[in-house]
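Asks: What shape does this take:
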Amino acid sequence: IPPRFGLLDESTDRWVKFFTELEKLNKSSDLNTSYKADTDKDFSLVKAERGRGTYLGSYVTIKPLLQTQPTVITADPELTPIGERQALDAQDAWRLELSLGIPLPGKLYSSPMTRALKTCELTFDSLMSDQYRRPTVLENCREENGVHTCDKRRTASYIAKAFPRFHIEPGFTEEDLLWDPEVRETKAQLAGRAKVVLDQIFQDDNETCGRSLTPPSKPQLTH
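Replies: From the prediction side, this is the model:
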């Protein structure tokens, strides 16, 4: 996890200055453009323009490791002990930056994959008791999928039971209908799904400048 979530400013009032600049960007933008801070284990600025989401700047990703046997690939693997430690390290980083003025995310979103749900839970549960900020599980918040069984999510019933604090978005099917055992998703299809996620977040969160999105990994997007 980079110091200050990658923010270059080392001053003690760095987050006040950052969000002041973010507010200025939103006040000076037209009606079709808005900016939000994406805060996860890394930190980036996101711009939405007429329903189009684009990540601005670079970031570092710590991808949770998969708990699988060398010759066995399981469906939707659990987070490993190393991955759990990384999530707790992210929690510690949040605690430090909270003491220096960073606000908690106004909204939390997560992939339906178990490793992402557990990462989100370990990172934020002890920091947020606010029931109005329950993480929302988004079906499309997933990396490239199909064919590989590790990309197939578990049932909606399992997610609801294993992660009761999480809110599952409307329309979320019981079984994983997105995963295809015979067809691997293309990069273009992945980019299309990622755009759907960014569009949904911006449309739902017009008044929220900061939010956290926990995917199983950060897809590289260009659109």
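
Asks: what is residue 33 paired to in the beta sheet?
Replies: Here residue 33 shows beta-bridge partners residue 49, assigned using DSSP bridges.

Asks: Look up the pLDDT of it for me, please.
Replies: pLDDT for residue 33: 79.

Asks: residues near it, how many?
Replies: As a burial measure, residue 33 scores 15 neighbours (other Cβ atoms under 10 Å). (C-beta placed from N, C-alpha, C; glycine too.)

Asks: Likewise for residue 1?
Replies: By other Cβ under 10 Å, 16 other residues sit near residue 1.

Asks: how close does it get to residue 87?
Replies: 10 Å (Cβ to Cβ, to the nearest Å).

Asks: Can you tell me the element residue 202 falls in?
Replies: Per DSSP states H and E: residue 202 is located in helix 187-204.

Asks: Would you mark the buried spots in that helix?
Replies: Neighbour-count burial for helix 187-204 flags 190-191, 193-198, 200-202 (criterion: 16 or more other Cβ atoms under 10 Å).

Asks: Put the alpha carbons of that helix into CSV.
Replies: Taking Å, rounded to 0.1, in the frame of the first residue of the first chain, the C-alpha atoms of helix 187-204 are listed here in CSV:
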residue,chain,number,x,y,z
LYS,A,187,-11.4,-7.2,-23.5
ALA,A,188,-14.1,-5.2,-25.3
GLN,A,189,-16.9,-6.9,-23.3
LEU,A,190,-15.0,-6.4,-20.1
ALA,A,191,-14.6,-2.7,-20.9
GLY,A,192,-18.4,-2.5,-21.6
ARG,A,193,-19.2,-4.0,-18.2
ALA,A,194,-16.8,-1.7,-16.4
LYS,A,195,-18.4,1.3,-18.1
VAL,A,196,-21.8,0.0,-16.8
VAL,A,197,-20.4,-0.1,-13.3
LEU,A,198,-19.0,3.4,-13.5
ASP,A,199,-22.1,4.8,-15.0
GLN,A,200,-24.3,3.2,-12.3
ILE,A,201,-22.1,4.6,-9.5
PHE,A,202,-22.1,8.2,-10.9
GLN,A,203,-25.8,8.1,-11.6
ASP,A,204,-26.6,6.8,-8.1
